[in-house]
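**Q** Return atomic coordinates for the entry below.
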Amino acid sequence: MSLTTLTARAVAMLLYGAALLVPSAAWAQPAAPNAQLVATREAQERELQTLAEVHRSVMMPMSDGTRLMTDVYVPKQRPTGGVPLILSKTPYNMNWWDVRNGAPRDLGAILTAIKRGYAYALQNERGHFFSEGEYDILGPPITDGRDAIDWFTRQPWSNGKVGLVGCSSTAEYQMAVASTKPKGLGALIPQGYGAGVGRIGNWYEQGNWYRGGAVQMLFITWLYGEQNTQRPMFPANLSATDLTRLRKSFDLAQQQPRIDWAKALWHLPMKDLLKAVDGPRGIYADTMPVATQGAMIYRTPNDPAWYKGGLYHDDMPFDTPALWLMSWYDVSVGPNIALWQHAMKAASPEVAKQQYAVIAPVAHCAYTRATANTVVGERSMGDARLDYNALTYGWFDTFLKGQQTGLLDTLPRIRYFTMGTNQWQASDTWPPRGASPVTWYLTSNGTANTMNGSGMLVAKARKAQKDTFTYDPMKPVESYGGNVCCTGTAIQAGSFDQRVRETRPDMLVYTSDPLKEPMEVSGPVSVTLYVSSDAKDTDFTVKLIDVDIEGRAWNLDETIQRMRYHTGYDKPQTRMTPGTVYKVTLGPLNTSNVFKAGHRVRIEVSSSNFPRFDRNLNTGGDNVTETQGVVAHNAVHHGGRTPSSITLSVVKAKR
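**A** Numbers count the residues shown, from 1 in each chain. Here you go, the predicted model:
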């Protein structure tokens, strides 16, 4: 019997049968839940029932007949013209009942919306939990999002306006839905939305799958818990009342074995990585009905399959007011900035003025976790708090209720946090006005290996020289902190002292002299390298570092370039010729950081940053089905006719 066709009776029988296999000593009552937590949530539920019409387990039909689980909450007290709706559409567990604590889930966000005069809805994407259909990552959300908005605006309580809100995979679908121009879509607040960015200019991220043509391995760990291709389902004819009652016992959440991803991500071949941890079959690598667009692991950065799903690409329309929330230690701040800037160009003149951005100094979706002393990794960012609740409702009051809130009169085009001085700043452009490119050049006496080598960053290019290192894909430079999310035990996001990696001989380190005055770098940072290798293909990685007076090396941003794509992702792949020097521009990196007086600017150059990015096996082959790599002898050339350099966006000091 297929798991996708199990009836509720069959599920119950399976659960009962499994219980018979458990020793009686283990069949005890679970530990009592936290009494205070239960009491708080029960009080929230009572208040919600008093203030709102509660419509749970609405199986909303999509245009193809697939039904999506939806919970809708509508204020009982509402004006004659109806109320707007805030929609949070998600692949994550949105069950209204916390089955493990035997109490409702935290209903605070819903109560806040109701009290402020909004209806609120949660909806699971297809193929997740109680929603029907099969999950093909970013496959159907364009039509599903449009269908949902159309359904909501037809309800008698609606004022005809819907706003979308959410972070990460609860944000990624928003831009593509907006491209279909649903009549009722009034505003967006996408947060940490990189997984929805397809191709924007020279960024061929394809939903955070790539960076510089290398695979960002975060999606592999994420898919382990999100490929819901084999799950039990209840009969389609159950009433909403029955479903709501059953959701107090079953949330259909996967209870998978915990994986030590710090070890598991080393598995080769890559195509079998999820298979090796007994993960669910699906779009990652398997040939299944769900994988109508081809398994993800076999695609190239410009594969036609990426343009058939729900990713937003720069050839699609965009004309919706949006408040874009980003963070410096997220996986995709560069392409996220690029999408915000694209929206201002793609939208009509009026809506172009309604594109605002916030960049916080936190990790992925950690905006509201900022404190009076916000520590990201090991580095303190000081007080990085911001009133996101006021921003959210000021935005929605403006565009969904049509109120004259005055928000747009006071909101800067971009509010960004500058590390080093640890302060919020504002600008009407990015990079900010007063920023200008300043180029420094790589130099050494041929021994830039390790932080103790002779690598330097200088104002003028010097005589020609090269630094060489050996890259063994079986012994890659391991990631340490960084701009990443979702890798489980493999990597912790944030800023860490990189000296623990800078003693490796396969890392080239270039450092400026101590600065005599503070230098603010806010904006893009590009790195141009002249490189060579004896391998057919290899990678080059770069990391931007702020070295403080005590010598601690704080990472700011990082990137990679797979050489087979160094001439473009929309061009045929190329193989390297031994002895040939190639010019390659990486990035751009992005940051806002003040290098204080006495600090030094540093970049690290290597050929791996694993498992942040997958390892290039250097064979020139597909890198997906292979189990053996070859050692590459790589070089960075600088000076003379090969002026490897870094260009910073330096903001002039305010006088």
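**Q** what's around Pro578, how many residues?
**A** Neighbourhood size, Pro578 [other C-beta atoms under 10 Å]: 10. Every residue, glycine included, has its C-beta placed from N, CA and C.
**Q** Now it: closest residue in space that isn't a chain neighbour?
**A** Asp534 (4.6 Å; C-beta to C-beta, 6 or more residues apart in numbering).
**Q** would you put the C-alpha positions of the helix or strand hosting Ala121 in CSV?
**A** Using DSSP states H and E, Ala121 maps to strand 119-124. What follows is strand 119-124, C-alpha atoms only, in CSV (Å, rounded to 0.1, in the frame of the first residue of the first chain):
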residue,chain,number,x,y,z
ALA,A,119,-8.2,38.8,8.9
TYR,A,120,-5.3,36.4,9.1
ALA,A,121,-4.7,33.1,7.2
LEU,A,122,-2.2,30.3,7.3
GLN,A,123,-2.0,27.9,4.4
ASN,A,124,0.3,24.9,3.8
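**Q** How about Tyr118, nearest residue that isn't a chain neighbour?
**A** Spatially, and ignoring its direct neighbours in sequence, Tyr118 is nearest to Ile86 (5.2 Å; C-beta to C-beta, 6+ apart).
**Q** How many neighbouring residues does the one you found have?
**A** Here the count is done by other C-beta under 10 Å, and Ile86 has 28 residues near it.
**Q** So what pairs up with it in the strands?
**A** Note on Ile86: beta-bridge partners Tyr120, Gly163, judged by DSSP bridges.
**Q** Tell me which residues touch it, please.
**A** Residues in contact with Ile86 (C-beta atoms under 8 Å, 6 or more residues apart in numbering) are Ala113, Tyr118, Ala119, Tyr120, Ala121, Val162, Gly163, Leu164, Val165, Phe396, Leu400.
**Q** Is the first one part of a helix or strand, or is it coil?
**A** Spelled out, that is Ala113. Put simply, Ala113 is helix when judged by DSSP: H, G, I helix; E, B strand; the rest coil.
**Q** picking up where we left off before, quick one, phi/psi of the residue nearest to Pro578?
**A** Main-chain dihedrals, Asp534, degrees, to the nearest 10: phi -90, psi 0.
**Q** is it true that it touches Thr580?
**A** No: Asp534 is not in contact with Thr580 according to C-beta atoms under 8 Å; the separation is 10.5 Å.
**Q** And the next helix or strand past the longest helix seen in the chain?
**A** Secondary structure of the chain read by DSSP state H shows that its longest helix is helix 35-51. For helix 35-51, the following helix or strand on the C-terminal side (DSSP H and E) is strand 52-61.
**Q** OK, contacts around the residue nearest the centre of the chain?
**A** Closest to where the C-alpha atoms of the chain average out (C-alpha atoms, centre = their mean) is Gly194, at 4.6 Å. Gly194 sits next to Glu172, Glu205, Gly207, Asn208, Asp330, Val331, Ser332, Val333, Pro335, Asn336 when contact means C-beta under 8 Å, 6+ apart.
**Q** Now Thr143: closest residue in space, sequence neighbours ignored.
**A** Thr143 sits nearest to Ser63 (C-beta to C-beta, 6+ apart), 5.8 Å away.
**Q** and that neighbour, what pLDDT?
**A** Confidence at Ser63, expressed as pLDDT, is 93.
**Q** Could I get the full set of strands for the stretch 101-250 of the chain?
**A** All strands of the stretch 101-250 of the chain, identified by DSSP state E, counting those that start in this stretch, fall at 103-104, 119-124, 158-167, 185-191, 199-200, 203-204, 210-211, 214-215.
**Q** Tabulate these (TSV), appending mean pLDDT.
**A** Formatted as TSV, those follow (pLDDT from 0 to 100):
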stretch	mean pLDDT
strand 103-104	93
strand 119-124	97
strand 158-167	96
strand 185-191	97
strand 199-200	96
strand 203-204	95
strand 210-211	96
strand 214-215	96
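**Q** and those strands as TSV, adding mean neighbour count and distance to Leu48?
**A** Below are the strands of the stretch 101-250 of the chain laid out as TSV (neighbours: other C-beta atoms under 10 Å; distance: least, C-beta to C-beta, whole Å):
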stretch	mean neighbour count	distance to Leu48
strand 103-104	20	8
strand 119-124	24	10
strand 158-167	23	18
strand 185-191	25	22
strand 199-200	22	40
strand 203-204	25	42
strand 210-211	26	42
strand 214-215	24	43
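**Q** For these, give me TSV that also has distance to Trp554.
**A** As requested, the strands of the stretch 101-250 of the chain are exported to TSV (distance: least, C-beta to C-beta, whole Å):
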stretch	distance to Trp554
strand 103-104	42
strand 119-124	39
strand 158-167	25
strand 185-191	25
strand 199-200	28
strand 203-204	25
strand 210-211	21
strand 214-215	24
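**Q** Which of those strands sits closest to Phe496?
**A** When the strands of the stretch 101-250 of the chain are compared by C-beta to C-beta, strand 210-211 sits nearest Phe496, at 19.4 Å.
**Q** hang on, the earlier thing: what is the nearest of the contacts of Ile86 to Arg641?
**A** Using C-beta to C-beta, Leu164 comes nearest to Arg641 of those, at 51.6 Å.
**Q** distance of that closest one from Asp136?
**A** 21 Å (C-beta to C-beta, to the nearest Å).
**Q** Which one, of the strands of the stretch 101-250 of the chain, ends up nearest to Thr40?
**A** Closest among those, using C-beta to C-beta: strand 103-104, at 8.7 Å.
**Q** just the helices in the protein please.
**A** 8-20, 35-51, 108-115, 141-153, 174-179, 218-226, 240-246, 261-264, 273-276, 333-346, 349-352, 388-399, 407-410.
**Q** So which elements touch the fourth one?
**A** This means helix 141-153. Under the contact criterion of 3 or more C-beta pairs under 8 Å, 6 or more residues apart in numbering; DSSP states H and E, helix 141-153 touches strand 52-61, strand 67-75, strand 83-90, strand 119-124, strand 158-167, helix 174-179.
**Q** ok so, going back, which strands or helices does the longest helix of the chain pack on?
**A** Applying 3+ C-beta pairs under 8 Å, 6+ apart, we find helix 35-51 packed against strand 103-104, helix 108-115.
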